[in-house]
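# Okay, here's the prediction I keep looking at, along with the sequence it came from:
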Amino acid sequence: MRANPKQPHALKVFCSCAAIAATVAFIVYFAVASSSSRGTTLFVAYAQNSQPVIDALQLLGERVEQKTDGAVKVKFFPDSQLGGERELVELLQVGAVDITKVSAGLMESFSPVYGVFSMPFLFDNTEHFYRVMDSAEIMAPIYASTQHNGFVGMGYYDSGSRSVYVKDRPVRSVEDLAGRKLRVMQSEAAIEMMRLLGATPVAMGQAEVYTAMQQGILDGAENNEFALTIARHAEIAKHYTYTMHTRIPDVVLISNKTLEKLTDDQVAAVYEAMEESIEFQKQAWSESIEATRQLAVDEFGVTFYEVDLKPFVEAVQPIYEGLKPYPEQYELYRDVRALGD
């Protein structure tokens, strides 16, 4: 019998996967086991994030400790130490992590109503976004909608608006998107939106975008301005057009188990700290985005473009027609639009 040359490679892959699984299992076991002995130390874990979000989470921790006179401590696990956003939500469910921050786009898989926040041109501008997100009447039921999953939302952070950036031929109109291969998030809503705008959506992970643009697999992508500098996409894509087609908030989540183990006063302190963290992040985000835009111009030679958004908005209207069979989502859409300019 002739030996199969693929077997050693397959064995290596299997062993590697087994080792990764064992490592993750150990982390989860350690976190869960320690949760019963760590008293009132809250574990706050998050994936890789922009500096304004990191600073806001740090402030959240500081204010929690201050407002409880040190009775509640906070320990951070930053930069995906315990996994990506989905893994962190799963750790939240079992009480291994107390607080985490994820994109509202991810939350759609836990509560469909969150999917409305991924809809294109939902918000007119930043002020409209803040009016909605600061409305307890609108947001409280949404935050509570995941209670049966073992966690609830307790606040949000601004993650900016997503716009289009390309390598060649700037986008100045909807027609300029025709046939352009643009990276989108791995989301059906994002894919459908880009199709309606006339582009060719390519769903892939953020880490692959730079190389894909280099190799001509992509003509560009869509994201906020941080992608130009932090991910250095501006080394390739020099044209950034403010389509501002989506503004998906980040959501800060807290485990049900955490709320159960804290006293009423401590819970109130955590929520007060969250409110202060939100206000801090708004200002930090605004200042950081402006600095990032200037860096993209000065260091990378990016040109920014403003366009008439009306044709873009009209092109995606079929998406909203598709919401009508879903009363909860359609009602939220109408509530959001009612607060518009």
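Thanks, I have it.

# From here on, just use CA atoms for contacts and neighbour counts.
Fine.

# Spell out the residue ranges of the helices in this structure.
Secondary structure of the chain (DSSP state H): helices at 7-35, 51-67, 85-93, 104-107, 126-133, 136-144, 188-196, 209-214, 226-229, 256-261, 264-300, 310-315, 317-321, 327-338.

# Mean neighbour count added to these, as a markdown table?
Below are the helices of the chain laid out as a markdown table (neighbours: other C-alpha atoms under 10 Å):
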| stretch | mean neighbour count |
| --- | --- |
| helix 7-35 | 13 |
| helix 51-67 | 20 |
| helix 85-93 | 21 |
| helix 104-107 | 20 |
| helix 126-133 | 16 |
| helix 136-144 | 15 |
| helix 188-196 | 19 |
| helix 209-214 | 18 |
| helix 226-229 | 20 |
| helix 256-261 | 16 |
| helix 264-300 | 17 |
| helix 310-315 | 14 |
| helix 317-321 | 13 |
| helix 327-338 | 15 |
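
# can you put the ones you listed in JSON lines and add distance to Phe77 and mean pLDDT?
JSON lines is the format used below for the helices of the chain (distance: least, C-alpha to C-alpha, whole Å; pLDDT from 0 to 100):
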{"stretch": "helix 7-35", "distance to Phe77": "11", "mean pLDDT": "46"}
{"stretch": "helix 51-67", "distance to Phe77": "11", "mean pLDDT": "97"}
{"stretch": "helix 85-93", "distance to Phe77": "10", "mean pLDDT": "95"}
{"stretch": "helix 104-107", "distance to Phe77": "20", "mean pLDDT": "90"}
{"stretch": "helix 126-133", "distance to Phe77": "27", "mean pLDDT": "97"}
{"stretch": "helix 136-144", "distance to Phe77": "23", "mean pLDDT": "98"}
{"stretch": "helix 188-196", "distance to Phe77": "30", "mean pLDDT": "91"}
{"stretch": "helix 209-214", "distance to Phe77": "26", "mean pLDDT": "96"}
{"stretch": "helix 226-229", "distance to Phe77": "22", "mean pLDDT": "94"}
{"stretch": "helix 256-261", "distance to Phe77": "17", "mean pLDDT": "96"}
{"stretch": "helix 264-300", "distance to Phe77": "18", "mean pLDDT": "97"}
{"stretch": "helix 310-315", "distance to Phe77": "40", "mean pLDDT": "96"}
{"stretch": "helix 317-321", "distance to Phe77": "38", "mean pLDDT": "92"}
{"stretch": "helix 327-338", "distance to Phe77": "34", "mean pLDDT": "96"}
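
# How about the contacts made by the closest residue to Leu92 other than its chain neighbours?
Among residues not flanking Leu92 along the chain, Ser255 sits closest, at 5.4 Å (C-alpha to C-alpha, 6 or more residues apart in numbering). By C-alpha atoms under 8 Å, 6 or more residues apart in numbering, the residues touching Ser255 are 92-93, 95, 97-99, 150-152.
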